[in-house]
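Engineer: All I have is the shape, not the residue letters:
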């Protein structure tokens, strides 16, 4: 192929501009990314060679070599992995198929302080070379192709690149960085080794550099024609826990997650028995931007006998733990395992169950600790991932009991951090149910009129405001033998918490108010299923509730917002016979209908509902105010 000049895809040009003008906070990550790419290329060769051993050619030992030339101001990262054909060089280095490109660019523009940790996350790590280089040359040949089908790719990152055929006896890839002025600090063996030690020590392939010795006569370092391994060249998860420092665990997490923050917690174990595997699993400190995408594959990498098989092996972790990052290395699975086979394998099922239990144990350890720092850590975890963990209550019945103990809520006594154990420990004598209310926001829940009698009697109510709560409650009926009871469903029945005098007074009020209730039912027949007197209200004139078996108004609103059809059910209007506005109904014949509808509208608005005809409501209020 003769030399051709081609243009970068538009998205690549945008990324190159951002990389060269924005990524200054942590320049050294270019080496991390390029060494990681080189390691991936070797993993891909190892994987493809399972079906075609000839791809190894005459070099079965996979490795990465890093060299520099101080005079030419170049750094070269060489691997003998899968390599690229001319077409692949154009496709991989000139275009980006990754759907997250736009998110990458928006995040980089929005917060450049976190820039360097984003670049690998979206598959654009190669372009990090332009942080320090004003030109990059790539020479490569794909394993299995003849030597005359090598390719040279070159670009100064300005918008175009050149590509041409070359003779290349060795398979694999050389990435040659031509450093820009001012980046000479990286032309040092010590500097390059320190970066490799910091970011790439865990890579299981040997990373080689030429030895250097001090020449006393010349008073300078002299490069010898001898190679040395500058990383541990052993998979970190395969090492004994006693040999791995906390700093190494944290750094490895940053490498596999592209997260600049240290993990909240991690667990490293070797499991033996029917299935043998090693797990190194992390819980991040912060939620990723795509946490709510349930179709996104999880963050667990699968290895088999330390051979990389696939990223994001979703079959190894349930969907509700999709935030977990890490590595699982199996000793039993076949090396040619596919995603389809993962779904059916009994060994994978055992790994999934074991890993799920391990993550839950890790969370329990943090949640149940008496240490103030650990309690704060779990509060931070719950704020980031609690709503996702709630999905497990309905999806993972085998671990439901454990998950329920990890749940935290707001309540009428605390804005956050209330467990079911806390609630049950504070239940009033004679209280038989765990009371809760669902709402769109914490403010709406706190100010709901349905809570008034509970506040008056000092009965704690859980305030549930996550969108997943209604779904979770459809799978959770009781905790420790205590039924869960919505304060917005059915008639309020406080049982032993309501004394006989209160009950008698409520019954008498309902009886004397019967004629007004009957007229209210007739007036509101198209809006309310029933109208009844209630003892649950103290300061408010009315509230809306639904029958025990009906869908809550909160869930109906969520379905409507999601574009789904909610079943048509009419609510029940409960009125407070002791309230002045309700008493006014008895003596205001002319305005009865307006007052009746106003009561209903107020109750609907108080629980977060929307009026079907706001203009009519305004006219009604105006008539009453000007009467």
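Structural biologist: Good, I have the coordinates. Note that this is a predicted model, so its numbers are computed, not measured.
Engineer: quick one: least confident helix or strand in the chain?
Structural biologist: Lowest on mean pLDDT, DSSP states H and E among the helices and strands of the chain sits helix 101-110, with a mean of 51.
Engineer: How are the strands of the stretch 201-350 of the chain distributed by residue range?
Structural biologist: For the stretch 201-350 of the chain, strands defined by DSSP state E, counting those that start in this stretch occupy the ranges 207-215, 220-229, 265-271, 277-283, 299-304, 307-310, 325-330.
Engineer: So for residue 245, which of the ones you listed sits nearest?
Structural biologist: strand 265-271 (11.9 Å; CB to CB). Where you see a C-beta, it was placed from the backbone N, CA and C, and this is true even at glycine.
Engineer: Grab the longest helix from the protein for me.
Structural biologist: Longest helix of the chain, by residue count under DSSP state H: helix 346-367.
Engineer: Just want the most central residue of the protein.
Structural biologist: residue 291 (3.1 Å; CA atoms, centre = their mean).
Engineer: any idea of the mean pLDDT in the longest helix of the chain?
Structural biologist: Mean per-residue pLDDT for helix 346-367: 92.
Engineer: ok, then the element right after that helix?
Structural biologist: helix 372-389 (DSSP states H and E).
Engineer: Could you pull up the contacting residues of the residue nearest to the centre of the chain?
Structural biologist: 322, 323, 385, 388 (CB atoms under 8 Å, 6 or more residues apart in numbering).
Engineer: These: which two are farthest apart?
Structural biologist: Between any two of the contacts of residue 291 (CB to CB), the greatest distance is 9.6 Å, for 322 and 385.
Engineer: The two: which is more packed in?
Structural biologist: A side-by-side neighbour count of residue 322 and residue 385, using other CB atoms under 10 Å, places residue 322 first with 25 against 22.
Engineer: quick one: low-confidence parts of the stretch 101-250 of the chain?
Structural biologist: 101-124, 218 (pLDDT under 70).
Engineer: all helices of it, in order?
Structural biologist: Taking DSSP state H, counting those that start in this stretch as the criterion, the stretch 101-250 of the chain carries its helices at 101-110, 189-199, 246-257.
Engineer: Could you pull out the buried residues of the last one?
Structural biologist: Buried residues in helix 246-257, counting neighbours by 16 or more other CB atoms under 10 Å, are found at 249, 251, 252, 253, 254, 255, 256, 257.
Engineer: any chance of those in CSV, with distance to residue 423 too?
Structural biologist: Shown next, in CSV, are the buried residues of helix 246-257 (distance: CB to CB, whole Å):
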residue, distance to residue 423
249, 36
251, 41
252, 39
253, 35
254, 38
255, 41
256, 38
257, 35
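Engineer: I'd like to know which of the residues you listed is nearest to residue 36.
Structural biologist: Proximity of the buried residues of helix 246-257 to residue 36 was ranked by CB to CB; the top entry is residue 255 with 7.4 Å.
Engineer: Please name the residues that touch residue 176.
Structural biologist: Counted by CB under 8 Å, 6+ apart, residue 176 has contacts 74, 75, 76, 136, 137, 138, 139.
Engineer: now, which of those residues lie within strands?
Structural biologist: 74, 75, 76, 136, 137, 138, 139 (DSSP state E).
Engineer: So which of these wins on neighbours?
Structural biologist: residue 75 (24 neighbours).
Engineer: ok, it - contacts?
Structural biologist: 31, 66, 67, 68, 176, 177, 179, 186, 187, 192.
Engineer: Among those residues, which lie within strands?
Structural biologist: Among the contacts of residue 75, the members found in strands (DSSP E) are 66, 67, 68, 176, 177, 179.
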